[in-house]
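Student: 3D, please:
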Amino acid sequence: MLFGEVESLPDADIAVNITLPPLTVAALIGREVEVTANITLPALTVSANVLVFEPIEIVATIPLPPLTVAVSADYDIAVSRPLVNQRSSSWQKANALSINRGARHNVTVKRLDGKQSRWQGALGADSSSASAYSEGVPVKGASQSGFEDATRVQTWETRTLHQDAIRDRRQSSDSVWQNGVPVRFDRTSLFSDMLRGARPEIVAKWDQGVGVRKQHDHDIRLASTLRKPLLSTFQQAWRPRPGQSQPPQPPGPEPCYLPDTNLLFDGLAATDGHLIFICERHDGGGGGPTETIVVPVRSVYMVINNILLRRVSDNFLIPTFALSLSIDADSWTWGFSASLPATALDAVMPSAGTPIELDASINGTSYRVIVESIGRERAFNSDTIRISGRGKNAVLAAPYAPTQTFTNASQRTAQQLMDDVLTLNNVPLGWTIDWQLDDWLVPAGAFAAQGSYIDGLTAIASAAGAYLQPHPTLQQMRVLLQYPIAPWEWATVTPDYELPSAVTVRESTEWIDKPAYNRVFVSGQSQGILGQVTRTGTAGDLVAPMVTDPLITEVNAARQRGISVLGDTGRKALLGLRLPILQETGVILPGKFVRYTDGADEMIGIVRGTNVEATSPEAWQTLEVETQL
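Tutor: Numbering: from 1, shown residues only. Have a look, this model is predicted:
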């Protein structure tokens with residue numbers, strides 16, 4: 001026994017002696033022709049060239065020398081079965097192989113009996129060879145015998161493959177289509193009946209589910225409102241009911257007063273005996289006035305300030321020495337601080353790590369904040385605490401919100417992406433978006449952000465040159481453009497407020513010079529576009545640094561981002577205006593247009609920051625207004 005791998009085996013010479021009968025070649029010639037016969041066998045070559053003029057019969061007898069066969073074999077010791085067994089039992093018998101070898105070496109003349117005698121007896125070769133190459137009838141007989149046997153062996157397989165298999169497929173195919181069509185028809189009828197009024201648009205987009213959702217979201221504007229009836233339809237498989245159903249309508253504006261018959265007196269009584277009715281859903285100017293609010297010039301402005309701080313959980317009133325709120329265009333939440341007596345420490349101390357939510361009311365306008373920091377200061381005859389925190393939307397950011405990865409697996413609009421961000425496992429968090437931009441489509445896979453919910457919202461808003469602003473009380477985030485109107489067009493703007501210099505107690509001005517760019521290239525990335533934004537009426541010869549963002553995928557996004565870049569150029573002036581919180585203006589928020597008049601001079605600009613300071617009985621607001629020179 002030999003263990004191990006043998007790379008090669010020595011050649012072995014094997015001599016095979018085969019006795020063949022004499023080879024006979026017969027040719028019958030009847031006219032003057034030249035006959036050339038070339039016969040090549042191993043170790044034997046015979047050539048003959050005969051020129052004759054009359055019919056003769058030529059018989060040639062050629063003895064053949066002994067044949068020598070050289071065989072080279074490799075033995076693989078890793079194979080359990082001998083090589084001979086594989087060859088002998090693999091595909092065919094020696095008789096079938098010998099016929100091929102015989103047919104390859106002889107010349108296709110009428111009779112090839114001699115060539116068949118090389119491998120087998122002349123009689124056996126004569127029968128098969130004559131049947132193969134001689135007259136038509138014997139060929140059919142011999143060939144029919146060979147193919148009939150093979151046909152009989154393959155008949156069952158052939159019939160099974162081509163006849164039985166087709167029948168089986170037809171049966172399964174018939175059963176699928178016959179049974180499946182009624183089921184699909186019923187379900188289709190159920191789904192389409194919910195929006196029978198919008199059927200022409202739905203029928204056109206049944207092939208693309210994403211397109212249908214996009215159309216619905218665009219019409220209704222609130223994806224959460226649309227998903228509720230659709231989910232109800234899929235969960236309840238009732239048949240279409242008679243009659244015509246109307247598509248859901250977007251909710252209208254909420255009423256000012258809540259439907260409650262109980263009167264709540266939460267403000268101090270007026271000294272003049274007049275009742276003060278406060279809108280419970282007043283948003284602090286977030287919705288914006290429909291017309292310009294003009295503050296007239298007066299010699300005296302009288303305001304009765306009402307400042308309250310309450311705990312939201314039980315409406316507990318907290319005594320307050322001072323209160324301040326601040327917000328600007330670069331902040332997505334309110335900043336808050338207050339000074340309280342030390343006796344209110346237990347009222348604002350968090351329990352079990354949950355921050356205390358407070359309602360700060362200034363002249364009837366409420367702002368929801370959470371307490372994040374508490375400090376205490378003691379002095380002679382004085383014991384106070386100071387609290388600070390942020391708006392209630394801080395729960396969407398660290399450390400209250402988890403870190404996540406936000407992507408879009410399908411095509412969505414930018415507004416829909418924000419709605420998707422404000423979900424947890426596809427369940428809405430209860431926060432809504434007040435979208436005040438021109439929307440655009442974002443292809444699948446173009447959006448990717450990591451962080452808290454606020455980080456995801458900020459990434460979408462900043463792509464179009466926008467910022468986030470919280471609603472004072474509701475769970476709502478507003479999306480506002482840095483420049484809703486280009487600065488070079490502010491002369492035609494209808495301002496939200498017109499303030500005279502007489503109403504301000506302090507005015508400050510800061511001049512800022514920035515490069516006067518008039519063209520910028522805005523580009524997306526893998527699935528974006530390249531946009532060129534040029535200031536109207538200029539040559540576009542001063543190009544700002546190129547801006548890239550993966551969400552710049554359509555013209556709307558590129559145009560809005562380009563205006564935000566070109567708007568923050570050239571010579572500007574920042575006005576600081578300190579004025580009271582008037583009843584007609586309330587707290588003026590960032591994003592509002594203000595026309596400031598000082599005699600014959602006037603300037604128009606947009607509010608960039610607001611700071612409120614309330615120390616009973618006084619309350620003041622300081623505005624930072626950006627103007628274009």
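Student: Please tell me I have it right and R519 contacts G540.
Tutor: Yes - using Cβ atoms under 8 Å, R519 is in contact with G540, at 3.8 Å. Quick note: C-beta positions are derived from backbone N, CA and C, even for glycine.
Student: So for those two, which residue has more residues nearby?
Tutor: Using other Cβ atoms under 10 Å, the more surrounded residue of R519 and G540 is R519, with 18 against 14.
Student: And that one, how far from V547?
Tutor: Using Cβ to Cβ, to the nearest Å, one gets 12 Å for the distance from R519 to V547.
Student: Help me confirm that Q415 is found in a helix?
Tutor: Yes - under DSSP: H, G, I helix; E, B strand; the rest coil, Q415 sits within a helix.
Student: Spatially nearest residue to it, not counting backbone neighbours?
Tutor: In space, Q415 comes closest to W435 once its chain neighbours are excluded; the distance is 4.6 Å by Cβ to Cβ, 6 or more residues apart in numbering.
Student: hang on, the earlier thing: and for R519 and G540, which residues touch both?
Tutor: Common contact partners of R519 and G540 (Cβ atoms under 8 Å, 6 or more residues apart in numbering): T534.
Student: Quick one: the helices in the stretch 351-500 of the chain, in order.
Tutor: 414-421, 453-463 (DSSP state H, counting those that start in this stretch).
Student: contact partners of the shortest one?
Tutor: If you take Cβ under 8 Å, 6+ apart as the criterion, helix 414-421 is touched by 214, 217, 223-224, 406, 408, 412, 428, 433, 435, 437, 439-440, 442, 447, 453, 456-457, 460-461, 463-464, 477, 479, 551, 557.
Student: Now with 7 Å, please.
Tutor: Applying Cβ atoms under 7 Å, 6 or more residues apart in numbering, the external contacts of helix 414-421 come out as 217, 223-224, 406, 408, 412, 433, 435, 439-440, 442, 447, 453, 456-457, 460, 551.
Student: hang on, the earlier thing: between the helices of the stretch 351-500 of the chain, which gets nearest to I370?
Tutor: helix 453-463 (14.3 Å; Cβ to Cβ).
Student: Quick check: the gap between T384 and R559.
Tutor: 52 Å.
Student: for R506, same thing?
Tutor: 38 Å.
Student: So which of these two has more stuff around it?
Tutor: R559 (18 against 10).
Student: I figured the more buried one was touching V533, is that so?
Tutor: Yes - applying Cβ atoms under 7 Å as the test, R559 and V533 come out as touching, 6.2 Å apart.
Student: From the contacts of helix 414-421, list the buried ones, please.
Tutor: Buried members of the contacts of helix 414-421, counted by 16 or more other Cβ atoms under 10 Å: 217, 223, 406, 408, 412, 433, 435, 439-440, 442, 447, 453, 456-457, 460, 551.
Student: Is the residue nearest to Q415 in contact with V479, as I believe?
Tutor: Yes - in terms of Cβ under 7 Å, W435 counts as a neighbour of V479; the distance is 5.3 Å.
Student: before we move on, the earlier item: pLDDT-wise, what's the bottom of the buried ones among the contacts of helix 414-421?
Tutor: Among the buried ones among the contacts of helix 414-421, D217 carries the lowest pLDDT, at 46.
Student: Got the domain ranges for the protein?
Tutor: 23-134, 515-569 (automatic domain parsing).
Student: Measure how buried T343 is and give me the count.
Tutor: Neighbours around T343, by other Cβ under 10 Å: 11.
Student: separation between the closest residue in space to it that isn't next to it in sequence and R412?
Tutor: Setting aside the residues directly before and after it, T343 is nearest to P319 in space (Cβ to Cβ, 6+ apart), at 7.7 Å. Relative to R412, P319 is positioned 49 Å away (Cβ to Cβ).
Student: Check G537 too.
Tutor: 36 Å.
Student: L345 too?
Tutor: As judged by Cβ to Cβ, L345 and R412 stand 48 Å apart.
Student: now K592
Tutor: Taken as Cβ to Cβ, the span from K592 to R412 is 31 Å.
Student: And P355, by the same measure?
Tutor: P355 is 33 Å from R412, where distance means Cβ to Cβ.
Student: M349 too?
Tutor: Applying Cβ to Cβ, the value for M349 to R412 is 43 Å.
Student: about what we covered before: can you tell me which of the buried ones among the contacts of helix 414-421 comes closest to E372?
Tutor: Y453 (17.5 Å).
Student: who's in contact with the residue nearest to the closest one when sequence neighbours are not counted?
Tutor: Of all residues not flanking Y453 in the chain, L396 sits nearest, at 4.1 Å (Cβ to Cβ, 6+ apart). If a contact means Cβ under 7 Å, 6+ apart, then L396 has 431, 452-454 as its contacts.
Student: do the same with I362
Tutor: Contacts of I362 by Cβ under 7 Å, 6+ apart are 307, 581, 587, 612, 614, 619.
Student: Check the secondary structure at the residue lying closest to the last one once chain neighbours are set aside for me.
Tutor: The one in question is A619. Spatial nearest neighbour of A619, chain neighbours left out: N305 (4.1 Å); criterion: Cβ to Cβ, 6+ apart. Here N305 is recorded as coil under three-state DSSP.
Student: do you know how far N305 is from S452?
Tutor: Taken as Cβ to Cβ, the span from N305 to S452 is 36 Å.
Student: Those two: who's more crowded?
Tutor: Using other Cβ under 10 Å, the more surrounded residue of N305 and S452 is S452, with 20 against 15.
Student: what about the protein, any weak spots by pLDDT?
Tutor: 1-290 (pLDDT under 70).
Student: So which bits of stretch 473-489 are buried?
Tutor: Here stretch 473-489 shows 473-484, 486-487 as buried, counting by 16+ other Cβ under 10 Å.
Student: which residues touch that stretch?
Tutor: Outside stretch 473-489, the residues that touch it by Cβ under 7 Å, 6+ apart are 286, 329, 366-368, 393, 430-437, 457, 461, 465-471, 493, 535, 560, 563-564, 567, 591, 628.
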